[in-house]
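> missing the sequence, but the structure's below:
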């Protein structure tokens, strides 16, 4: 018997129909509680996405869009220019994913297994999160005095004689975009991996060691499989964020680089809503496909 | 590796070095612009420093900066963040509570939240813009802007609330019910005080996410900018360190806000612990 039923029993002598209304109310309770949440997401997520899908089929000419069912917008999206834009976006996602993973795994490992005091571990983890509390845009801009033509990096390299002329490609290039994205998104990889790693039972590692497993073997056969859910969740976050990014590409690319998100932003700015919508639909499908494949491997609810 | 108490693993030193580099990587750039925002009056966007001054802060607050306005956008971001914070706590707790009763559609709600998190941000902007346009509604920062931010902050609120309830000791709550406390009284007197520190975390998270949110704000704010939109506008034509002063101020402000929230949380946490002890003692 649940406590709720106990509650009802206490009031059992009262009139039957009040009892019935109460139990009806009890049954409706979770729905009532969830309704504001669902309502908000319906209005600001489901309906907007449906609106995008609908107008992606509309006809568009010289700043006027008319309701219709044509594939014209998708033809534009699948033209060579934009396919290349998509390819470039995937390239960013792949590179940034690799880099964040290569950074996040040892960092989490260090925090979870090499730091012995709980308090120290929490403190060091918080130290990693503080920079993520400042605006992404500010953190983008923050790279400019470092990477620029007269920036610290060039000055440093000039001073030690490694180069004789400032290198231009540090800023407003793929290098600066990727560096900045890694800077912005790493925490989204560190946090989930760290979260799964701290929960690994140390007795397992102990047992493996007692059975004569080397450190490398423990890492490969105990720690890596057990932290794979963290890697998956981190991957979902990082990849979906890079796929949709436009601010970093815009600021750090100096207008010279393209991504799907930025292309959509530019179309919106020039009021080409139907084309933007078609591009957005394709980007959404790619993102959702990717996420659902990864989600089939992990139970996110269990990880909370 | 953990076990033997005295000996450090051979990996410790290399990993410590890696960790230190990581921290420098994270903090370096932001410290750089903080230093550069104190650039002398004749100084530029990069080193060297030409003297030290508060000139760029003065320009930001009192002068007529060539680009960017601080006070209006800051107030709007602050109000919006506070609204988001409140809604995250209230709506997040409600939906989290709903998940504690098994109900049909719980999975749908959960995956709705996940989808909301992974949908490319610019899509929300575009979608809300298009929807409002078609319905003949005006986009405003406190309607469409608020909604856009909720699609990002509310799902996080749900995830955190679920995590809080996963770690929640049900026996205290059941004890209260056994002692005859009704549903609402149990929630208000027993559950709420215990989860309050976590809920402050939810609010705090919502506030920061909203305060810094840019991509979902891009089309949804209407004629008045929030802080990140103003910053973005400045980046395209920044010619002097006012931008850095702007960055320094917003960073310091958000850190100050978070810090003060944390202090409040700590106080409430202590109070909750005491209450828990009291309940256990009784």
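The structure has been received and is ready for your questions. Keep in mind that this is a model prediction, so the values were computed, not measured.

> how about the closest residue to chain B within the stretch 151-300 of chain A, what does it touch?
The nearest approach of the stretch 151-300 of chain A to chain B comes at residue A:244, 2.7 Å away (Cβ to the nearest Cβ). Quick note: C-beta positions are derived from backbone N, CA and C, even for glycine. By Cβ atoms under 8 Å, 6 or more residues apart in numbering or on different chains, residue A:244 lies in contact with A:260, A:261, A:283, A:287, B:119, B:120, B:121, B:122, B:123, B:215.

> Please apply the same query to residue B:224.
B:72, B:73, B:76, B:141 are the contacts of residue B:224 under Cβ under 8 Å, 6+ apart.

> what about it, distance to residue B:123?
For residue B:224, the distance to residue B:123 (Cβ to Cβ, to the nearest Å) stands at 23 Å.

> what do you get for residue A:161?
On the measure of Cβ to Cβ, residue A:161 and residue B:123 end up 49 Å apart.

> of these two, who's got more company?
Relative neighbour count places residue B:123 above the other of residue A:161 and residue B:123, with 27 against 7, counting by other Cβ atoms under 10 Å in any protein chain shown.

> Is the residue nearest to the spatial centre of chain A part of a helix or strand, or is it coil?
In chain A, the residue lying closest to the centroid (Cα atoms, centre = their mean) is residue A:237, at 2.4 Å. Three-state assignment for residue A:237 (DSSP: H, G, I helix; E, B strand; the rest coil): helix.

> Just the element for the nearest residue in space to it that is not next to it in sequence, please.
Excluding the flanking residues, the one nearest residue A:237 by Cβ to Cβ, 6 or more residues apart in numbering or on different chains is residue A:188, at 4.0 Å. Taking DSSP states H and E as the definition, residue A:188 sits inside helix A:174-197.

> for the record, mean pLDDT for that helix?
Here helix A:174-197 scores 93 as its mean pLDDT.

> Could you do stretch A:57-67 as well?
Stretch A:57-67 comes out at a mean pLDDT of 83.

> Does chain B have contacts with that stretch?
No - Stretch A:57-67 lies out of reach of chain B by Cβ under 8 Å from any Cβ of the partner chain, never closer than 9.7 Å.

> hmm, back to that, and the helix holding residue A:188, what's buried?
For helix A:174-197, a neighbour-count test (16 or more other Cβ atoms under 10 Å in any protein chain shown) marks A:174, A:176-197 as buried.

> Does anything pack onto the helix or strand that it is followed by? Which helices or strands?
Counting by DSSP H and E, the next helix or strand C-terminal to helix A:174-197 is helix A:202-210. With contacts taken as 3 or more Cβ pairs under 8 Å, 6 or more residues apart in numbering or on different chains; DSSP states H and E, helix A:202-210 sits against helix A:215-218.

> Just the buried residues of the helix it packs on, please?
Here helix A:215-218 shows residue A:218 as buried, counting by 16+ other Cβ under 10 Å.

> got it, and stretch B:76-91?
Neighbour counts using 16+ other Cβ under 10 Å place B:76, B:77, B:78, B:80, B:81, B:83, B:84, B:85, B:87, B:88, B:89, B:91 of stretch B:76-91 among the buried residues.

> got the contact list for the third one?
So the one you mean is residue B:78. Taking Cβ under 8 Å, 6+ apart, one finds residue B:211 in contact with residue B:78.

> Name the SS class of it, please.
Classification of residue B:78 using three-state DSSP returns helix.

> Can you tell me which residues in the stretch 201-304 of chain A are near chain B?
Taking Cβ under 8 Å from any Cβ as the contact definition, the stretch 201-304 of chain A meets chain B at A:202, A:205-206, A:209, A:215, A:218, A:236-237, A:240, A:243-247, A:251, A:260-261, A:264-265, A:268, A:273, A:276-277, A:280, A:283-284, A:287-288, A:291, A:295, A:300-301, A:304.

> So which of these sit within helices?
Judged by DSSP state H, helices contain the following of those: A:202, A:205-206, A:209, A:215, A:218, A:236-237, A:240, A:243-244, A:247, A:251, A:260-261, A:264-265, A:268, A:273, A:276-277, A:280, A:283-284, A:287-288, A:291, A:295.

> Please spell out the ChimeraX selection for the buried subset of those.
To isolate the buried members of those in ChimeraX, using 16+ other Cβ under 10 Å:
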select /A:205,209,218,236,237,240,243,244,247,251,260,261,264,265,268,273,276,277,280,283,284,287,288,291,295
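
> where do the helices sit along chain B?
Under DSSP H, chain B gives helices at B:12-36, B:55-61, B:71-100, B:106-118, B:121-135, B:146-166, B:170-178, B:183-186, B:192-212, B:227-236, B:242-281.

> any chance of these in a markdown table, with distance to residue A:227 and mean pLDDT too?
A markdown table is the format used below for the helices of chain B (distance: least, Cβ to Cβ, whole Å; pLDDT from 0 to 100):
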| stretch | distance to residue A:227 | mean pLDDT |
| --- | --- | --- |
| helix B:12-36 | 15 | 90 |
| helix B:55-61 | 45 | 80 |
| helix B:71-100 | 26 | 92 |
| helix B:106-118 | 21 | 92 |
| helix B:121-135 | 28 | 91 |
| helix B:146-166 | 18 | 92 |
| helix B:170-178 | 29 | 84 |
| helix B:183-186 | 38 | 84 |
| helix B:192-212 | 24 | 87 |
| helix B:227-236 | 33 | 82 |
| helix B:242-281 | 28 | 79 |
